[in-house]
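Participant: missing the sequence, but the structure's below:
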Ligand SMILES: O=C(O)CCC(=O)C(=O)O
Ligand SMILES: [Fe+2]
C-alpha cells in the first residue's frame with residue numbers, strides 16, 4: 001500500500017483524542033449477518049491482511065500475502081444513503097393508525113389536535129411540523145425512540161437521537177436545498193406516507209450526487225447532464241427508514257395535489273442520530289477493555305495524522321475472543337469518509353488508506369482475557 005506523506009498542515013484530525021468509554025453496555029448480540037446485509041461491502045480497490053497474519057502489536061506495513069480470502073478485510077466504499085424497508089415491524093402501522101385517529105375526523109376539534117406549526121422560512125422551508133412527543137402518546141413515542149436508538153447504536157455506532165419531529169407536507173410544502181451537519185453525523189426520515197396510493201406529485205427526498213460535489217474531477221465536455229444525473233430522489237416508501245449523510249446538500253421536492261388534506265399528504269418522522277461513541281457488550285466490562293482500546297487508538301491517531309485529510313464518520317465493530325483477547329473479526333458498519341482536496345492525492349486512495357490504517361490498528365488490538373466473547377463498536381469521527 002502506497003501512502004504519500006503529507007506536510008503537517010494537511011494532517012488528518014480525528015476529533016476525539018481518547019475516548020472516555022461510557023459505562024453503560026448494551027446487549028448488541030444481534031445477528032451480525034443482518035448488519036452486513038444492511039451495509040453491503042463493495043469490491044475494494046485495495047485489500048490487505050488483517051485479523052490473521054498481522055505482526056504482534058499491529059503493523060501498517062504488513063505486506064504478507066494471505067493464503068485465502070478469509071484472511072482479507074474488504075474496505076467499504078463510502079455510503080451516504082441507506083434505505084431500510086419495513087422498519088420497526090408493527091411500529092409504523094401503529095404510528096400511522098394514531099396519526100389517522102387524531103386527524104381523521106376534522107369535526108373532533110379537541111384542543112390536543114392543534115399542535116402543528118405551519119413552518120415557513122421564505123424560499124427555504126414550508127411544511128407542517130410538530131414535536132413527535134407532543135403528537136404521539138407516551139408509550140408509542142417511547143417505542144419509536146427505542147427502535148431508532150437501537151438501530152443507531154447497532155448499525156451506526158451512535159448512542160443518541162435528537163428530539164423527533166412529525167412533519168406533514170400538503171400542497172405547497174417543500175424543503176429547498178440545505179445541509180444539517182451540526183445536528184449529527186446521520187439524518188433519518190421514517191415514512192408514514194402511503195406512497196403507492198398517493199395522489200400528489202413530488203415529496204421525494206432529494207440529495208446531490210457525490211460527483212456533483214467534486215464536479216470538475218469527472219467533468220466530461222462530451223456529455224450533457226440532467227436532473228437524474230445530478231440528484232438522487234428517494235421516495236418516502238411507507239415504513240422506510242432513510243438514513244443519510246446530512247452533510248450532503250438535500251431537500252424535499254415540492255408537494256402538489258393533496259388538496260390540503262393532511263391524510264393524503266407526505267407524512268414523515270425525522271431527526272438525527274447523534275453522539276457517536278464506542279460501546280462494549282459481552283464478557284469484558286468497559287473498565288477492562290478501555291485501557292487496551294485507548295492504547296490502540298493512540299497509535300492509530302498518530303498514524304492517521306500522517307495521512308492526507310479526510311472528513312466523515314467510520315464505524316467499526318470488533319469481535320474479541322475471551323480466550324486470548326485477540327480480535328477475531330472486524331467489520332465496517334458505517335462509512336461516510338470523503339477525502340478533502342489536498343495536493344495530488346487521488347481521493348479514493350486517501351479514503352482507502354485511511355480505512356486500511358483503521359482496520360490494521362484495530363484488528364491488532366489486544367484485550368485482556370475474559371470468560372467469553374465481547375463485541376466492541378467504535379465510531380471514528382473525522383472533522
Ligand atoms: O423529510 C425529508 O426527507 C428530509 C428532512 C430534512 O432534511 C430535514 O428535516 O432537515
Ligand atoms: Fe435536512
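Facilitator: Structure's in. What do you need? Because the structure is predicted, anything quoted here is derived from the model rather than measured. Numbers count the residues shown, from 1 in each chain. Ligands and ions are numbered 1, 2, ... in the order given.

Participant: ramachandran angles for residue 128?
Facilitator: Residue 128 adopts backbone torsions of phi -90, psi 130, taken as degrees, to the nearest 10.

Participant: and it, how many residues sit next to it?
Facilitator: 18 (other CB atoms under 10 Å). (Each C-beta comes from the backbone N, C-alpha and C, glycine too.)

Participant: tell me the contacts of residue 203?
Facilitator: By CB atoms under 8 Å, 6 or more residues apart in numbering, the contact set of residue 203 is 169, 193, 195, 235-236, 252-253, 255, 266.

Participant: go again using 7 Å as the cut-off
Facilitator: With contact taken as CB atoms under 7 Å, 6 or more residues apart in numbering, residue 203 is in contact with 169, 236, 252-253, 255, 266.

Participant: residue 243 reaches residue 188, doesn't it?
Facilitator: Yes - assessed by CB atoms under 7 Å, residue 243 is found in contact with residue 188 at 5.0 Å.

Participant: show me the strands in the stretch 201-350 of the chain, by range?
Facilitator: 205-208, 231-234, 241-244, 250-252, 266-276, 279-282, 310-320, 327-335, 338-339 (DSSP state E, counting those that start in this stretch).

Participant: okay, now the sheet partners of the first one, with direction.
Facilitator: Sheet pairing of strand 205-208 (DSSP bridges) gives strand 231-234 (antiparallel), strand 250-252 (antiparallel).

Participant: where in the stretch 51-200 of the chain is pLDDT low?
Facilitator: 51-71 (pLDDT under 70).

Participant: can you name the residue of it nearest to ligand 1?
Facilitator: Nearest to ligand 1, among the residues of the stretch 51-200 of the chain, is residue 189, at 4.2 Å (CB to the nearest ligand atom).

Participant: beta partners of that residue?
Facilitator: residue 242, residue 270.

Participant: point me to the residue of this protein nearest ligand 1.
Facilitator: residue 205 (3.4 Å).

Participant: the closest residue to that residue other than its chain neighbours: what's it in contact with?
Facilitator: Excluding the flanking residues, the one nearest residue 205 by CB to CB, 6 or more residues apart in numbering is residue 234, at 4.5 Å. With contact set as CB under 7 Å, 6+ apart, residue 234 has these partners: 81, 83, 204-205, 242.

Participant: check residue 35 and give its pLDDT.
Facilitator: Looking at residue 35, its pLDDT reads 26.

Participant: next, format the strands of the stretch 201-350 of the chain as a markdown table and append mean pLDDT.
Facilitator: What follows is the strands of the stretch 201-350 of the chain, written out as a markdown table (pLDDT from 0 to 100):
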| stretch | mean pLDDT |
| --- | --- |
| strand 205-208 | 98 |
| strand 231-234 | 98 |
| strand 241-244 | 98 |
| strand 250-252 | 98 |
| strand 266-276 | 97 |
| strand 279-282 | 94 |
| strand 310-320 | 97 |
| strand 327-335 | 96 |
| strand 338-339 | 96 |
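
Participant: quick one, which of those strands gets closest to residue 179.
Facilitator: Nearest to residue 179 among these is strand 250-252; the distance by CB to CB comes to 7.2 Å.

Participant: residues making contact with the closest one?
Facilitator: 169, 174-178, 203, 205-207, 244.

Participant: can you select the buried ones from those residues in PyMOL?
Facilitator: To isolate in PyMOL the members of these that are buried, counting by 16 or more other CB atoms under 10 Å, one can use:
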select buried, resi 169+174+175+176+203+205+206+207+244
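
Participant: ok, residue 142 - how many residues close by?
Facilitator: 12.

Participant: which parts of stretch 350-358 are buried?
Facilitator: Going by 16+ other CB under 10 Å, stretch 350-358 has these buried residues: 350-358.

Participant: specify the angle between the helix or strand where residue 96 lies and strand 266-276 in degrees.
Facilitator: Assigned by DSSP states H and E, residue 96 falls within helix 91-104. Orientation check (axes from the mean of the first three to the mean of the last three CA atoms, to 10 degrees): helix 91-104 against strand 266-276 gives 130 degrees.

Participant: against which helices or strands is helix 91-104 packed?
Facilitator: Where contact means 3 or more CB pairs under 7 Å, 6 or more residues apart in numbering; DSSP states H and E, helix 91-104 is packed against helix 138-151.

Participant: and the helix or strand following the helix it packs on, is it in reach of ligand 1?
Facilitator: Going down the chain from helix 138-151, the next helix or strand is strand 158-161, by DSSP H and E. No - remark: strand 158-161 sits outside contact range of ligand 1, by CB under 6 Å from any ligand atom, the gap being at least 13.7 Å.

Participant: lovely, talk soon.
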